[in-house]
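Asks: turn this into a model:
(4 chains)
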There are 2 protein chains.
Amino acid sequence: MKISTKGRYAVRVMLDLAQNNTGECIKVKEIAERQGVSEKYLEQIIGVLNKAGYVKSVRGAQGGYRLVKEPGEYTVGMILRLTEGSLAPVACLETDAEACDRVDTCETLAVWKELQNAINRVVDGVTIADLMYSEGTAKDA
Amino acid sequence: MKISTKGRYAVRVMLDLAQNNTGECIKVKEIAERQGVSEKYLEQIIGVLNKAGYVKSVRGAQGGYRLVKEPGEYTVGMILRLTEGSLAPVACLETDAEACDRVDTCETLAVWKELQNAINRVVDGVTIADLMYSEGTAKDA
DNA sequence: ATCAATTCCTATTTGATTGGTGGGAATTAA
DNA sequence: TTAATTCCCACCAATCAAATAGGAATTGAT
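Replies: Coordinates of the predicted model:
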């Protein structure tokens, strides 16, 4: 039940782009330095964000990346689902799941559904904009 | 972000013991047959439940397992934490986590904390007794 | 006393996934 | 033309998931 570095870094990349937005392109190298993460690895991750249209790339010298939309329009859930693949806590709840033959009698399915809903409510309720000025203070804790 | 078979099977074992309780010992073999899962694999899993004192074993012929407490006293969270290890969505929220040097400035920590709380609320709010008569109907869905 | 059923213990295996690294082609502003 | 950058893909090491396997220890029944 862990979110992988890929998903976490992706959120941090989006947040970094939002916080350091000056209208200019931001290079992977800069993000990697600020975030303390391998440039090569981030390249891959931001590539996914790019293909999905979450960021816009400019190739060549003086190139880089910028957000396509406003920070408030990206939920953490969107980013995680894109990079992690799925947030379903069990495979049989995935959208493309092949039917489990126990689905009609599975007494545990109810818990996993509740869990999935709870997870979705959190990640879909938080946007990059929400993270921009929070300085590490959780609503709860 | 998946719950492994180990955790899921553990919940099903506990539920099976609860539903098929006749006062007699229940053998791993029976559970394996009912649940459609490898006997040898279940052996390992129930061994963990046994060491933790969640079930009581009787060795030798005519031996088997039974629940120690009432079904209502076992939450899904207890069982999952025991078998999965931890339900924290990121390593830095684990109880024995070594401090991340970004902890003071980490803007994303707040989301992970919320997520963890949401997960805990669900799994700690559902007991084996709750699952016993549900027949696959989720509160939501 | 023996036997068969059962739990208990631990090693091994297979495949997938995670978390990267590395090389180099393509693109483009200066 | 060159240097900076994105883009693309192959590869790798370590870890984990999900079992499988073999046999020792225990015990009720005969």
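Asks: all contacts plus neighbour counts: C-alpha atoms, from now on.
Replies: Noted.
Asks: tell me who's in contact with the residue nearest in space to the middle of chain A.
Replies: Residue closest to the average C-alpha location in chain A (CA atoms, centre = their mean): A:Ile79, at 2.4 Å. Counting by CA atoms under 8 Å, 6 or more residues apart in numbering or on different chains, A:Ile79 touches A:Gly7, A:Ala10, A:Val11, A:Leu49.
Asks: what helix or strand is the residue nearest to the second one when sequence neighbours are not counted located in?
Replies: Here the nearest residue to A:Ala10 in space, its sequence neighbours aside, is A:Ile45; by CA to CA, 6 or more residues apart in numbering or on different chains that works out to 6.3 Å. Here A:Ile45 sits within helix A:39-51, counting by DSSP states H and E.
Asks: what of A:Asp16?
Replies: helix A:5-19.
Asks: count the residues that sit near the nearest residue to A:Ser38 once chain neighbours are set aside.
Replies: Of all residues not flanking A:Ser38 in the chain, A:Ala32 sits nearest, at 6.0 Å (CA to CA, 6+ apart). Per other CA atoms under 10 Å in any protein chain shown, the neighbour tally for A:Ala32 reads 19.
Asks: where's A:Ala32 relative to chain B, distance?
Replies: 15 Å (CA to the nearest CA, to the nearest Å).
Asks: from A:Ser4, how far off is the residue nearest to A:Ala10?
Replies: Counting by CA to CA, to the nearest Å, the gap between A:Ile45 and A:Ser4 amounts to 12 Å.
Asks: which one of these two has more residues nearby?
Replies: Legend: neighbour count by other CA under 10 Å for A:Ile45 and A:Ser4, higher for A:Ile45 (18 against 15).
Asks: now do the same contact list for the residue nearest to A:Ala10.
Replies: So A:Ile45 contacts A:Lys6, A:Tyr9, A:Ala10, A:Thr83 (CA under 8 Å, 6+ apart).
Asks: got a list of what the third one touches?
Replies: To tie it back to what came earlier, the one meant is A:Ala10. Contacts of A:Ala10 (CA under 8 Å, 6+ apart): A:Ile45, A:Ile46, A:Leu49, A:Ile79, A:Leu80, A:Thr83.
Asks: tabulate the residues you listed in TSV, adding columns for distance to B:Asn20 and pLDDT.
Replies: Listed next are the contacts of A:Ala10 as TSV, based on distance: CA to CA, whole Å; pLDDT from 0 to 100:
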residue	distance to B:Asn20	pLDDT
A:Ile45	49	98
A:Ile46	52	98
A:Leu49	50	98
A:Ile79	44	98
A:Leu80	40	98
A:Thr83	42	98
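Asks: among those residues, which two are most distant?
Replies: The most widely separated members of the contacts of A:Ala10, counting by CA to CA, are A:Ile46 and A:Leu80 (12.7 Å).
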